[in-house]
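J.: Below is the structure, and that's it, no one-letter string:
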C-alpha cells in the first residue's frame, strides 16, 4: 500500500476517478443498449431518436477520457450504420 503522502493522495484520486469513469462507461453501455433495442424493434423513428440521444453521451465520455476517442468514434459509426440500414429497408 502507499506509504508516502503523495502516493496516498494519488491512490485516493485514482479511486475517485475510477468511480467517475465507471459510471460514465456504464451510461455509454446503457445508451448503446437502448439504440440496439430500438433497432431490434425495426422502428426507424425510435432508432433515430435513440441514436440522437446516444451520440452526445458517447462523445462526452470520450472527451472526459472515460473511453478512448477512437472507441467512441467506432461505436457511433457502427450504430449509425445499423440505423441507416433500418431506414433504407
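T.: That came through fine. Because the structure is a prediction, the values reported are computed rather than measured.
J.: so which helix or strand takes in the spatially most central residue of the chain?
T.: Centroid-nearest residue in the chain: residue 28, 2.6 Å away (criterion: Cα atoms, centre = their mean). Under the criterion of DSSP states H and E, residue 28 resides in helix 5-40.
J.: buried set for that helix?
T.: 24, 27-28, 31-32, 34-35, 38-39 (16 or more other Cβ atoms under 10 Å). For every residue, glycine as well, the C-beta is placed using N, CA and C.
J.: Quick check: what element follows that helix along the chain?
T.: Once the chain leaves helix 5-40, the next helix or strand it forms, by DSSP H and E, is helix 44-64.
J.: ok, so of the buried residues of helix 5-40, who is nearest residue 64?
T.: Among those, residue 24 lies closest to residue 64 (Cβ to Cβ), at 6.2 Å.
J.: Could you list which residues are in contact with the closest one?
T.: With contact set as Cβ atoms under 8 Å, 6 or more residues apart in numbering, residue 24 has these partners: 60-61, 64, 66-67.
J.: Make sure residue 21 is actually in contact with residue 65.
T.: Yes: using Cβ atoms under 8 Å, residue 21 is in contact with residue 65, at 7.4 Å.
J.: before we move on, back to that, wait, which of the buried residues of helix 5-40 is closest to residue 72?
T.: Nearest to residue 72 among these: residue 28, at 8.2 Å, using Cβ to Cβ.
J.: Nearest residue to that closest one in space, please, no chain neighbours.
T.: Closest residue to residue 28 apart from its sequence neighbours, by Cβ to Cβ, 6 or more residues apart in numbering: residue 61 at 5.0 Å.
J.: just wondering, since we're on residue 54, how far is it from residue 72?
T.: 11 Å (Cβ to Cβ, to the nearest Å).
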